[in-house]
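Enquirer: what shape does this take:
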Amino acid sequence: MNHLQITHKLTTALISGIALFSGLLIISCAPTENSPTGFILPPGDAMTGQTTFAALGCINCHQVDGVSFTGSDDIPSELIVKLGGKLPKVKTYGQLVTAIIHPNAAIFKNDERYMNTQGDSLMPDYADLMTVQQMTDLVTFLQEHYDIAAPVYDPQGLGYPYY
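Expert: Have a look, this model is predicted:
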C-alpha cells in the first residue's frame, strides 16, 4: 500500500468516526416529551416586570443587581437572594421561569436558610397567583439585569480561566 492509499483510508476512517460520533451526539441530545424545546412565552415589558416584582413581594427576599426598591433595606443581608449581576454563563429564560413557578427545582439544597422543615423552598408558590403576562414581564425585567462575566485569562496557565 502506498502513502496516498494509507492517507485515503485514514481520512475515510476519520470522517466515518466523526459522522458516527455526531449521530450519537444528536440522538443523545434529542428532546424528550418534557423538553423545553419550542417553549416561548409572549414578549414581556421590563418596567411592568419591575412593578410586578415589588407588588408580588419578591423584594422581601430578593435584591436585583442595579435596582433599589423602597422598603427593602430592612431585610437581613444574610437571607437575601441576589438576582442579576455577572455570571459565567447565561441565565436562560427557561431557568428564570422555572425558578419562579417551580422554586423547588432551583432551591439551594445545601443551604437550610432557604428551606422549610419539609425541605421545600421558602419561596411561595405563584402558580395560582400570577398571570402569564406577569410572568413574562417579570422574567423580561430579571433577564435585563444579568451579564456574562468573561473568564479571566491566565497567561501563565497557573489558574483555571473558566468558572
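Enquirer: after the lowest-mean-pLDDT helix or strand in the chain comes which helix or strand?
Expert: When the helices and strands of the chain are scored by mean pLDDT, DSSP states H and E, helix 3-28 comes last with a mean of 55. Sequence order places helix 46-55 as the next helix or strand after helix 3-28, per DSSP states H and E.
Enquirer: helices and strands around the helix or strand that that next one is followed by, which ones?
Expert: Counting by DSSP H and E, the element after helix 46-55 in chain order, helix or strand, is strand 62-64. Here strand 62-64 touches strand 81-83, going by 3 or more Cβ pairs under 8 Å, 6 or more residues apart in numbering; DSSP states H and E. The C-beta positions use only the backbone N, C-alpha and C, and glycine is treated the same way.
Enquirer: against which helices or strands is the strand it packs on packed?
Expert: On a contact count with 3+ Cβ pairs under 8 Å, 6+ apart, strand 81-83 meets strand 62-64.
Enquirer: gap between Ser77 and Arg113?
Expert: To Arg113, Ser77 is 12 Å away according to Cβ to Cβ, to the nearest Å.
Enquirer: ugh, wrong one, I meant Leu87
Expert: Relative to Arg113, and taking Cβ to Cβ, Leu87 is found at 21 Å.
Enquirer: so between the two, which is more surrounded?
Expert: Leu87 (12 against 9; other Cβ atoms under 10 Å).
Enquirer: tell me who's in contact with that one.
Expert: Counting by Cβ atoms under 8 Å, 6 or more residues apart in numbering, Leu87 touches 146-149.
Enquirer: quick check, Cys96 in a strand?
Expert: I think there's a mix-up here, since residue 96 is Leu and not Cys. No - counting by DSSP: H, G, I helix; E, B strand; the rest coil, Leu96 is not found in a strand; it is helix.
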